[in-house]
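Q: predicted model, plus sequence, below.
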Amino acid sequence: AALLGALAMGIFHAHTAECAGSPPEVLAALNDRIHAVGLDGRFVVMLFAVLDRGAQQLALANAGNPYPLLLRGGGVEEIAVSGIPLGLMEGTRYDTVSLDLRLGDVVVFASDGILECQNREQEAFGTGRLVELLTSLPEDAPAKDISSAILGATDEFRHDAPVQNDDRSLIVLRVTDRLDLSRLPVVY
């Protein structure tokens, strides 16, 4: 898995250095390049987003990752953008969703390692528990506190369960009066 991830990231960096493109264009090109390597049924999941800070707009394309969540005005909704994982089928095309961000919005990108985290009874943490957690937090909670709450809740949920088989990747983006990406926490 680590070698496959390194291959995908190498192809991603090489492609984006060569040419810019919209999220669905980038995923389609990556898909074809990864498929050409011949991975014998192995694949890569990836969600690719581009933030236009000036317009405060987020463009997303998805290749098999869980849907991101948007917290807005005390409610939570899934950003429904789906797509086939990278490397499975040549010529796959991807859809894009553009989201106009507002002051106070929070976007949560959580990997399947967060959502599929299991307790001793083999119950998954799931989107429902994540939404419940997010709506229980103060509406003005900083991104760092939201990230810590999610990781803490999944740690507590799995408590004494056997070791998890999947990594946990998490990005929390909060829109403030100045969209400062340097303060964006990334947790692996």
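A: Looks like it came in fine.
Q: give me the neighbour count for the closest residue to Arg174 other than its chain neighbours.
A: Closest residue to Arg174 apart from its sequence neighbours, by Cβ to Cβ, 6 or more residues apart in numbering: Ala143 at 4.3 Å. Every residue, glycine included, has its C-beta placed from N, CA and C. Counted with other Cβ atoms under 10 Å, residues neighbouring Ala143 total 19.
Q: likewise the one 3 residues further on?
A: Neighbouring residues of Ile146 were enumerated by other Cβ under 10 Å; the total is 22.
Q: swap in Gly74?
A: 7.
Q: let's have the chain start at 697 instead
A: Sure, I'll start counting at 697 from here, so that last one is Gly770.
Q: any idea how far Arg870 is from the residue nearest to it when sequence neighbours are not counted?
A: In this structure, Gly770 finds its nearest non-sequential neighbour in Glu835, 6.0 Å apart by Cβ to Cβ, 6+ apart. From Glu835 across to Arg870, the span is 11 Å (Cβ to Cβ, to the nearest Å).
Q: between these two, which contacts overlap?
A: Any residue near both Glu835 and Arg870 by Cβ atoms under 8 Å, 6 or more residues apart in numbering counts here, and that gives Gly800.
Q: so which of these two has more stuff around it?
A: Arg870 (23 against 11).
Q: for Gly717, see how far away that one is.
A: Relative to Gly717, Arg870 is positioned 27 Å away (Cβ to Cβ).
Q: right, and the helix or strand after the host helix or strand of Ala755?
A: Using DSSP states H and E, Ala755 sits within strand 753-759. Downstream of strand 753-759, the first helix or strand assigned by DSSP H and E is strand 765-768.
Q: pLDDT score for the nearest residue to Thr872 once chain neighbours are set aside?
A: Leaving out its chain neighbours, the residue that sits closest to Thr872 by Cβ to Cβ, 6+ apart is Leu799, at 7.3 Å. Listed pLDDT for Leu799 reads 93.
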